[in-house]
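Colleague: turn this into a model:
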Amino acid sequence: MSDIRNVAVIGMGIGRSHILDGYVSNGDKFRVIALCDLSPERMDAVGEEFGISRRVTSFEDVLAMDDVDVIDVCTPPNLHFPMVMAALKAGKHVVCEKPLVGSLAQVDAIVAQEKVSRGLLMPVFQYRFGDGIEQVKAIIDAGIAGRPFVGTVETFWRRDADYYAVPWRGKWASELGGVLMGHAIHPHDMFTYLMGDIARIFGRVATRVNPIEVEDTITASLEMKSGALASFTATLGDVGNMTRLRLAFENVSFESDHTPYSPGDKLWTIEPRNGETKARIDALLKDWVHVPPGYATQMARFHAALMGTGPLPITSADSRRSLELVTAFYHSSSTHKDVALPIAPDHPLYHSWVPPDFRSS
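Modeller: All right, here's what the predicted structure looks like:
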């Protein structure tokens, strides 16, 4: 049996990036054999670009394709849960763009389904991959950085009115949130990937930039389980586009490249506290092997997991941690109270963080 796995991509928005950056770059591991989109014109453009002739508008048709091994879900967020569940029940492996689903209850339902399904599920957090973030992770995991003290995440992006011309954007029913869900979710995941779990959060959200239903400006104060403190700030009203993470540890301070959409790619600024620490870092990184950024590495490691030669690079547990932060953030903002994590099924927002007035929209 060939090691190449056949893929169907659902949704030709971010789905095109998955094909170009994730599957074409791993052509010895994956082959995209089918596309699915409600817009034949958009689907035909992608199909012609990449030479993919099988094109359908029905997701059910994809589920019935016996030669499809992996279904890659790149639809608007409100469609993720039913599609992921259906694909797992059909015995397919699944890749799903962020956010994985729209509530902690849905995450837990997917975790339960994974336990009885043949296929593996990999949520997408492509910002975790690249030389910059992986060098920092290696230094932390080696114990060189020492105790974490404090960290900041700044997601300062620009989204004008034309961005919301896409019908599903800016609406609770389809996007499930604003800057917290669709934009800062990646930098926040990078932060917890490096700094560990959150213990408590006090957050505020506001709609300041565009006349939309969801938030476009946020800020929060966090206490980590390690005892470290942190702050998150994000807006879609900046003049430019910039993402910055800065982490202060006992022995090292790290700062990301300010590239808005791939801060894990380029090398970070690494500042050791003394010569001894610098020598340990230099020795650790001396024979560093280049890590391609984003989808390229995430899909390559997904293939290793499918082959049984490596772990899943991102799991549903990672998505649950991300959506737990989102749930706590919205609850704190609405109640003006500090919120403790983890969040259990008896939490008032466990089944949905969407405001009640918008849940049936």
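
Colleague: count of residues packed around Leu38?
Modeller: 12 (other C-beta atoms under 10 Å). (Glycine included, C-beta is placed from N, CA and C.)

Colleague: so who does the residue nearest to it when sequence neighbours are not counted touch?
Modeller: Nearest in space to Leu38, with sequence neighbours left out and distances taken as C-beta to C-beta, 6 or more residues apart in numbering, is Thr57 at 5.8 Å. Contacts for Thr57 (C-beta atoms under 8 Å, 6 or more residues apart in numbering) come out as 36-38, 40, 43.

Colleague: how about Gly143?
Modeller: Counting by C-beta under 8 Å, 6+ apart, there are no residues that Gly143 touches.

Colleague: equivalent analysis for the one 10 residues further on, please.
Modeller: With contacts taken as C-beta under 8 Å, 6+ apart, Val153 has the following neighbours: 184, 187-188, 190-191, 230-234, 244-245.

Colleague: run the chain-centre distance for whatever helix or strand Ala173 lives in.
Modeller: Using DSSP states H and E, the element containing Ala173 is helix 172-175. The chain centroid and the centroid of helix 172-175 are separated by 17 Å under C-alpha atoms, centre = their mean, to the nearest Å.

Colleague: tell me the two of the contacts of Thr57 that are most distant?
Modeller: Cys36 and Pro40 (10.7 Å; C-beta to C-beta).

Colleague: and for the two, which residues touch both?
Modeller: Residues touching both Cys36 and Pro40 by C-beta under 8 Å, 6+ apart: 55, 57.

Colleague: between the two, which one's more packed in?
Modeller: Cys36 (28 against 12).

Colleague: excluding its backbone neighbours, what's nearest the more buried one?
Modeller: Ile10 (4.6 Å).

Colleague: residue contacts, that neighbour?
Modeller: By C-beta under 8 Å, 6+ apart, Ile10 lies in contact with 36-37, 59, 62, 71-75, 83.

Colleague: return the member of the residues you listed nearest to Leu120.
Modeller: Set against Leu120, the nearest of these by C-beta to C-beta is Ile71 (11.5 Å).

Colleague: name whatever forms a beta bridge with that closest one.
Modeller: Here Ile71 sits in beta bridges with Ala8, Val94, as judged by DSSP bridges.

Colleague: which of the contacts of Ile10 fall in strands?
Modeller: Among those, the ones falling in strands (DSSP state E) are 36, 71-73.

Colleague: distance of the residue nearest to Cys36 from Val239?
Modeller: Note on Ile10: its distance to Val239, by C-beta to C-beta, to the nearest Å, is 35 Å.

Colleague: could you do Leu229 as well?
Modeller: The separation that Leu229 has from Val239, given C-beta to C-beta, amounts to 29 Å.

Colleague: from the centroid of the protein, which residue is nearest?
Modeller: Closest to where the C-alpha atoms of the chain average out (C-alpha atoms, centre = their mean) is Phe125, at 3.2 Å.

Colleague: OK, contacts around it?
Modeller: By C-beta under 8 Å, 6+ apart, the neighbours of Phe125 are 98, 186, 189, 193, 298, 314, 318, 322.
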